[in-house]
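S.K.: build me a structure from this.
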Amino acid sequence: MSTQPRIALVAFSSLGDGLIYLMMAENLRRNGFAVTYFGNIGYQLRAWLPQFAICPYPAPDELDAALADFDLVIMSPPQFLRDRMDAATTDAMRRKWLLICQKTPDDWRFDLTETKRATLPLAIHARLLPLLDAGGSMRRRTYTTESVVDITLEYLRDVMGLQDLTRDVPLTPPPQLQFRRHPERIVVSPDSAWPEKKDWPPRAFLKLCRRLRAAGADPKIVVAPANNAHWRAMPGNDFDTPLFPDIGKLAAYLYESGALVGNDSGNGHLASFLGIPTVTIYRKKNPHFHWRPDWKPARVVCPRLILPGLRGPLWKPFVTVGDVLNALRSVQ
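M.R.: Purely as a prediction, here's the structure:
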């Protein structure tokens with residue numbers, strides 16, 4: 001019988017989180033665990049990561065059966081589970097799965113040591129022991145300049161006890177692709193999940209694209225599929241605005257591009273994960289905010305000034321195109 005513990009790692013649903021959990025899966029694999037990643041983000045990138053198994057989310061009524069044969073399930077509950085996590089459901093989940101997230105409610109944590117001692121072979125239990133009381137928040141102290149990548153790696157080392165760690169996940173890109181084949185192609189990503197709060201104005205992004213084109217670059221506007229038609233029809237947008245129906249096709253395009261400039265959004269994390277230089281426009285005066293892209297060369301552009309406003313802080317006029325271009329030059 002193999003003494004290599006079988007771990008199911010269930011990722012949260014968002015793009016940034018999905019990539020963080022791919023990094024976690026790779027580090028668990030490097031430290032001797034047989035890992036299967038569950039998540040729709042990772043599943044769309046499965047061809048790039050042949051070193052461990054990657055599955056889509058099971059249907060909600062099939063989840064228990066899909067996870068039943070693993071020695072340990074480490075789960076950041078995806079949104080379809082979080083939507084129904086009342087107190088009783090949360091208690092039932094934490095007693096069978098190790099529930100984790102960057103920040104969690106106190107009642108997510110539960111020590112699985114004795115539960116697993118009663119059900120696992122001694123050798124498997126011994127290998128898993130450092131992980132069995134690692135549930136709850138990954139953030140176990142106060143952080144200042146650390147990125148979410150740094151925080152996750154610290155959690156893996158100090159809480160889970162993993163010793164062989166990497167932030168750069170080895171990738172196997174499709175053979176027809178060439179890294180940064182088009183260095184002049186600058187992907188401009190002007191949307192996010194919270195447009196009113198996070199997004200630099202469209203007119204500023206279009207001005208940036210015009211400045212890039214005048215300087216000899218080839219800017220391309222890339223937005224979520226739901227926003228593609230809106231941006232294609234936007235007055236003043238005479239730039240290519242390609243449509244990518246899934247994360248795998250977007251990844252292939254980013255991998256061959258020179259850099260990405262965008263709001264605080266998942267596309268920046270994906271570009272950085274793939275090794276592409278990234279510039280993120282952030283609404284607060286904190287260039288070291290935790291959820292910044294931080295796998296490869298990256299800069300954060302913050303407003304020079306923030307003023308109080310009736311609908312929230314006024315920051316967008318105080319990020320200039322020149323600031324963004326200077327940041328882009330520094331990472332290319």
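S.K.: can you give me the helices in the stretch 101-250 of the chain?
M.R.: Applying DSSP state H, counting those that start in this stretch to the stretch 101-250 of the chain gives helices spanning 113-117, 122-128, 148-158, 195-198, 202-214, 225-232, 247-255.
S.K.: among those, which one carries the weakest average confidence?
M.R.: The minimum mean pLDDT among the helices of the stretch 101-250 of the chain belongs to helix 195-198 (a mean of 84).
S.K.: got the buried residues for that one?
M.R.: By neighbour count with 16 or more other C-beta atoms under 10 Å, helix 195-198 contains no buried residues. Yep, even glycine has a C-beta here, placed from its N, CA and C like the rest.
S.K.: return the distance of it from the chain's centre.
M.R.: 19 Å (C-alpha atoms, centre = their mean, to the nearest Å).
S.K.: show me what that helix is packed against.
M.R.: On a contact count with 3 or more C-beta pairs under 8 Å, 6 or more residues apart in numbering; DSSP states H and E, helix 195-198 meets no helix or strand.
S.K.: at 10 Å instead, please
M.R.: strand 257-263 (3 or more C-beta pairs under 10 Å, 6 or more residues apart in numbering; DSSP states H and E).
S.K.: who does whatever helix or strand comes next after the strand it packs on touch, helix- and strand-wise?
M.R.: With elements assigned by DSSP states H and E, the helix or strand that comes after strand 257-263 is helix 266-273. Packing contacts for helix 266-273, counted by 3+ C-beta pairs under 10 Å, 6+ apart, involve helix 15-30, helix 148-158, strand 182-189, helix 247-255, strand 257-263, strand 278-281, strand 298-301.
S.K.: go through those and pick out the most buried.
M.R.: Counting by mean count of other C-beta atoms under 10 Å, strand 278-281 has the highest mean neighbour count of the helices and strands packed on helix 266-273, with a mean of 30.
S.K.: quick one: average confidence on that strand?
M.R.: pLDDT averaged over strand 278-281 gives 98.
S.K.: quick one: it to chain centroid distance?
M.R.: Using C-alpha atoms, centre = their mean, the offset of strand 278-281 from its chain centre is 15 Å.
S.K.: what do you get for stretch 131-146?
M.R.: Distance, centroid of stretch 131-146 to centroid of chain: 17 Å (C-alpha atoms, centre = their mean).
S.K.: go through that stretch and flag the buried ones.
M.R.: Residues of stretch 131-146 classed as buried: 131-132, 134-139, 146 (neighbour count, 16+ other C-beta under 10 Å).
S.K.: sweet, I'm off.
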